[in-house]
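>>> below: sequence and its predicted model.
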Amino acid sequence: MGTSAIDTTKPYVMGIDIGGTNTVFGLVDARGTVLGTGSIKTQKHSNFQDYVDELYEKASILIKDHDAEGKIHGIGIGAPNGNYYTGMIETQVNLPWKAPIPLTKLISEKFGIPAAVTNDANAAAIGEMTYGVARGMKDFIMITLGTGVGSGVVVNGTMVYGADGMAGELGHITVRRNGRTCGCGRHGCLETYCSATGVAKTAREFLEARKDEPSLLRDMQVEDITSKDVYDAAIAGDKLAKDVYDFTGKVLGEALADFAAFTSPEAFVIFGGLAKSGDLLMKPLREAFEADCMPMHKGKIKILLSELKESDAAVLGASALGWEAKEPVETAK
């Protein structure tokens, strides 16, 4: 990233993370220190320009409070289906505006600052490479385990975007032929097994298949079970819940072994809510990876947990893209 030669007259970047519920923004310096943050409700405005206007109004207060007017190098944005090449949100996602949305054009014009966008998983990878455990690495794969499974692939120090800006969707690699139905329309995607929702689904399947086995999870409505419930039961010693994590770790470890064959990364970096499960997930994951990877990769590829503070990670990841943003457009407020 461009943080090695910072323009001292513009020592800051702004990160904007557009989520389905909230949009979080923050001011970040070259060391990855989040100087301040704010947020607005993503769903508040059905008109995208109204959303941009409120974002500008609230962010301007933050900028002024930190004496950063005229000192921001660029704006980095993480957004669902954000396309780095076109600056657009290309296809319809859980947002109140009709796609395609000319995201960077409108935000850059409003702020008078160059802007760049990518999807949220790629933003996390860029943040990890700029500020986190992957700093100095040129080949690694970021895996984000949340409601879904996201990924960012870095090769030779460059994010892999593909011909159309939409490469690296490892969450939608098929890990079980004719498996679970995925929201993307395919079947058996990694996301359907190794996301938070996938863990809950596995627990429900195990409870159904092992009806005679006692489990703490039987004390709740089966349709209400969450990944947090499975974690709590596993920590309490529940065998069925532990087996859910063993299964999830095995599926993910085998998938990483396949991914390693593509890019031969120095490391995988695991981030997100499920990563907090610690050895419950990481032990079976690492064992499955080593058992299933190609001989030339055995014992060589690290599987690391992200070092980014979760509360700042979305803003940090997005902000790191701001160092790459192009020259400012003319202000059009």
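Looks like it came in fine.
>>> going forward, measure contacts and count neighbours with C-alpha atoms only.
Will do.
>>> against Leu145, how distant is Glu109?
34 Å (Cα to Cα, to the nearest Å).
>>> these two: who's more crowded?
Ranked by neighbour count (other Cα atoms under 10 Å), Glu109 and Leu145 place Leu145 first, with 22 against 17.
>>> just say helix, strand or coil for the residue nearest the centre of the chain.
Most central in the chain under Cα atoms, centre = their mean is Ala121, positioned 3.1 Å from the mean C-alpha point. Three-state call for Ala121 (DSSP: H, G, I helix; E, B strand; the rest coil): helix.
>>> you'd agree it is up against Val153?
No - under the criterion of Cα atoms under 8 Å, Ala121 makes no contact with Val153, lying 9.4 Å away.
>>> now for the two: what residues contact both?
Met142 (Cα atoms under 8 Å, 6 or more residues apart in numbering).
>>> list the buried residues of the least confident helix or strand in the chain by mean pLDDT.
Least confident helix or strand of the chain, by mean pLDDT, DSSP states H and E, is helix 310-322 with a mean of 88. Within helix 310-322, the residues scored as buried using 16 or more other Cα atoms under 10 Å are 312-322.
>>> show me where the stretch 101-250 of the chain has its helices.
Secondary structure of the stretch 101-250 of the chain (DSSP state H, counting those that start in this stretch): helices located at 103-111, 120-131, 191-194, 196-209, 227-235, 239-263.
>>> nearest to Gly165, out of those?
helix 120-131 (10.7 Å; Cα to Cα).
>>> tell me, how many neighbours does Trp97 end up with?
Counted with other Cα under 10 Å, Trp97 comes out at 18.
>>> where's it relative to Thr23, distance?
According to Cα to Cα, Trp97 and Thr23 sit 14 Å apart.
>>> ditto for Val269
25 Å.
>>> count the residues that sit near Lys211.
Lys211: 10 surrounding residues under other Cα under 10 Å.
>>> please apply the same query to Ile141.
28.
>>> coming back round to it: neighbour count for Val269 and Thr23, which is higher?
Neighbour totals were compared for Val269 and Thr23, and Val269 leads with 24 against 19 (other Cα under 10 Å).
>>> quick one, what contacts the more buried one?
133-134, 140-143, 303-306.
>>> so, low pLDDT: which residues of this protein?
Of all residues in the chain, those with pLDDT under 70 make up the ranges 1-6, 327-333.
>>> and for the spatially closest residue to Ala313 that is not a sequence neighbour, the neighbour number?
Nearest in space to Ala313, with sequence neighbours left out and distances taken as Cα to Cα, 6 or more residues apart in numbering, is Ala124 at 7.1 Å. Ala124 sits with 32 neighbouring residues when counted by other Cα under 10 Å.
>>> measure Ala124 to Gly272 for me?
Ala124 is 10 Å from Gly272, by Cα to Cα.
>>> what of Ile225?
19 Å.
>>> and Val34, by the same measure?
Taking Cα to Cα, one finds Val34 at 19 Å from Gly272.
>>> next, count neighbours for Gly183.
When neighbours are counted by other Cα under 10 Å, Gly183 comes out with 12.
>>> check Val175 too.
Neighbours of Val175 using other Cα under 10 Å come to 21.
>>> residues contacting it?
Taking Cα under 8 Å, 6+ apart, we find Val175 in contact with 188-190, 251, 255.
>>> closest to Met159 among the residues you listed?
Using Cα to Cα, these come closest to Met159 at Ala255, 20.1 Å.
>>> who wins on neighbours among the contacts of Val269?
Ranked by neighbour count (other Cα under 10 Å), the contacts of Val269 have Met142 at the top, with 30 neighbours.
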